[in-house]
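# sequence and predicted model, in that order:
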Amino acid sequence: MLTTILLRIARIMPFGGWRFVKLAAHYDRSLQAKPVTIENIPYTIFIDLRDASTCNLFLNNTSTGSRKLRLILPKVMRPGDIFYDVGANLGMVSAVAHQAIGPTGKIVAFEPNVRVSRLYEKTFAGSSNVIINNVALAEHAGELPFYLSPTSVRSSFSPIRGVEPITVAVRPMADVISEFGAPNVVKVDVEGHEEQVFRGVQDHFLGEKCPIIIFEAHSLEEFGSTAAMISKLHGGPGMFLHVRDGGQLAPIDETKHSSDYFYVPEHYRERVDEILGQK
């Protein structure tokens, strides 16, 4: 009864309803692995409503965080592709990619937050071509301190005030590629840790082996350092693009619309030609 009351209050409040959802989830364990249908995501996603970042998913059935990227992915992926989702969180991007690659493709996901990775597992429990790894990617194999934010999408290797770190396992991408196969598309969204992920690639992105790379950068400095490393890893011709509000790709010198960027090596150029510069 208390849970029902709290959720009813949450749904009629114009602001702050998430606080009542979060409170309800502390009393009702069924809300700690709640299946929800989200607009423009092809599969039911399991969420934990104790996590403030999921409350809007429950209340409004929408997600704005990766919306632009999710609109683009089906246009650049192909059946049979291997997709690496580094910083997979709940799997919303993976869900869109999974539909695009079909049964002959493969999703290899990485999420060090064990509570979140378990929800990811529930979402893809019936998919034999989805592999979730409860590890992070870094330059070398080992362990690193990791800070779990109350809002899971903000969890990071960077210190968070008032949060004691946990220890998580890390692996270099070079080892992962040797185990699971070379990706066609890689998405890296790890809250400022992107450069460290790419340091673990070694020679696996050289020349024709370089995949389409999607990465996040919150500043010009962060973009510059990550872009320089990607260019060095590839060692061949390619272009950096940014994601527009409407879910298109645009040249890097246009007005910035988001913190999401693509690197497209020349051998994958035909995948983006049709959507490059669309209005």
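Alright, I've got the coordinates. Values in this document were obtained by computation on a predicted structure and should not be read as measured data.

# ok, and the closest non-adjacent residue to the residue nearest the centre of the chain?
Computing the C-alpha centroid of the chain and ranking residues by Cα atoms, centre = their mean puts Ala88 first, at 4.1 Å. The shortest distance from Ala88 to any non-neighbouring residue, by Cβ to Cβ, 6 or more residues apart in numbering, is to Ala109 (3.8 Å). In this view, the C-beta of every residue, glycine as well, is placed from N, C-alpha and C.

# contacts for stretch 123-132?
43-46, 88, 90-91, 94-95, 98, 101, 103-111, 117, 120-121, 180 (Cβ atoms under 8 Å, 6 or more residues apart in numbering).

# buried ones only from those residues, please, as a PyMOL command.
Buried residues among the contacts of stretch 123-132 (16 or more other Cβ atoms under 10 Å), as a PyMOL selection:
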select buried, resi 43+45+46+88+90+91+94+95+98+101+105+106+107+108+109+110+111+117+120+121
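
# among the contacts of stretch 123-132, which are located in strands?
Ile45, Phe46, Lys106, Ile107, Val108, Ala109, Phe110 (DSSP state E).

# helix, strand or coil for Gly247?
coil (DSSP: H, G, I helix; E, B strand; the rest coil).

# separation between it and Ile72?
Using Cβ to Cβ, to the nearest Å, Gly247 is found at 5 Å from Ile72.

# who has more neighbours, the two?
Using other Cβ atoms under 10 Å, the more surrounded residue of Gly247 and Ile72 is Ile72, with 22 against 19.

# got phi/psi on the more buried one?
phi -80, psi -40 (degrees, to the nearest 10).

# same question, the one 10 residues further on
Phi and psi for Ile82, reported as degrees, to the nearest 10, are phi -100, psi 130.

# the one 5 residues further on too?
For Gly87, the backbone dihedrals are phi 90, psi 60 (criterion: degrees, to the nearest 10).

# what's near enough to touch it?
By Cβ under 8 Å, 6+ apart, Gly87 lies in contact with Phe110, Glu111, Lys187, Val188, Asp189, Val190, Glu191.

# which one (most neighbours) among the residues you listed?
Glu111 (28 neighbours).

# so for that one, what pLDDT did the model give?
Per-residue pLDDT puts Glu111 at 96.

# picking up where we left off before, save the ones in strands among the contacts of stretch 123-132 as JSON lines, and put in distance to His204 too.
What follows is the ones in strands among the contacts of stretch 123-132, written out as JSON lines (distance: Cβ to Cβ, whole Å):
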{"residue": "Ile45", "distance to His204": "31"}
{"residue": "Phe46", "distance to His204": "32"}
{"residue": "Lys106", "distance to His204": "16"}
{"residue": "Ile107", "distance to His204": "18"}
{"residue": "Val108", "distance to His204": "13"}
{"residue": "Ala109", "distance to His204": "18"}
{"residue": "Phe110", "distance to His204": "15"}
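
# can you point out the buried residues in stretch 244-263?
Buried residues in stretch 244-263 (16+ other Cβ under 10 Å): Arg244, Gly247, Gln248, Leu249, Ala250, Ser259, Asp260, Tyr261, Phe262, Tyr263.

# dump that stretch to PDB, restricted to CA.
Output of stretch 244-263 as PDB, limited to C-alpha atoms (Å, rounded to 0.1, in the frame of the first residue of the first chain):
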ATOM      1  CA  ARG A 244      23.800  16.600 -34.100                       C
ATOM      2  CA  ASP A 245      20.600  17.100 -32.100                       C
ATOM      3  CA  GLY A 246      18.400  15.400 -34.700                       C
ATOM      4  CA  GLY A 247      20.600  12.300 -34.800                       C
ATOM      5  CA  GLN A 248      22.700  13.100 -37.800                       C
ATOM      6  CA  LEU A 249      26.500  13.400 -38.200                       C
ATOM      7  CA  ALA A 250      28.200  16.600 -39.000                       C
ATOM      8  CA  PRO A 251      31.800  17.800 -39.700                       C
ATOM      9  CA  ILE A 252      33.800  18.500 -36.600                       C
ATOM     10  CA  ASP A 253      34.100  22.200 -37.400                       C
ATOM     11  CA  GLU A 254      30.400  22.900 -37.200                       C
ATOM     12  CA  THR A 255      28.700  24.200 -34.100                       C
ATOM     13  CA  LYS A 256      28.900  21.600 -31.300                       C
ATOM     14  CA  HIS A 257      25.500  20.000 -30.600                       C
ATOM     15  CA  SER A 258      26.500  17.200 -28.100                       C
ATOM     16  CA  SER A 259      29.400  15.600 -26.300                       C
ATOM     17  CA  ASP A 260      29.300  12.500 -28.600                       C
ATOM     18  CA  TYR A 261      31.800  12.100 -31.400                       C
ATOM     19  CA  PHE A 262      32.500   9.500 -34.200                       C
ATOM     20  CA  TYR A 263      35.800   8.600 -35.700                       C
END
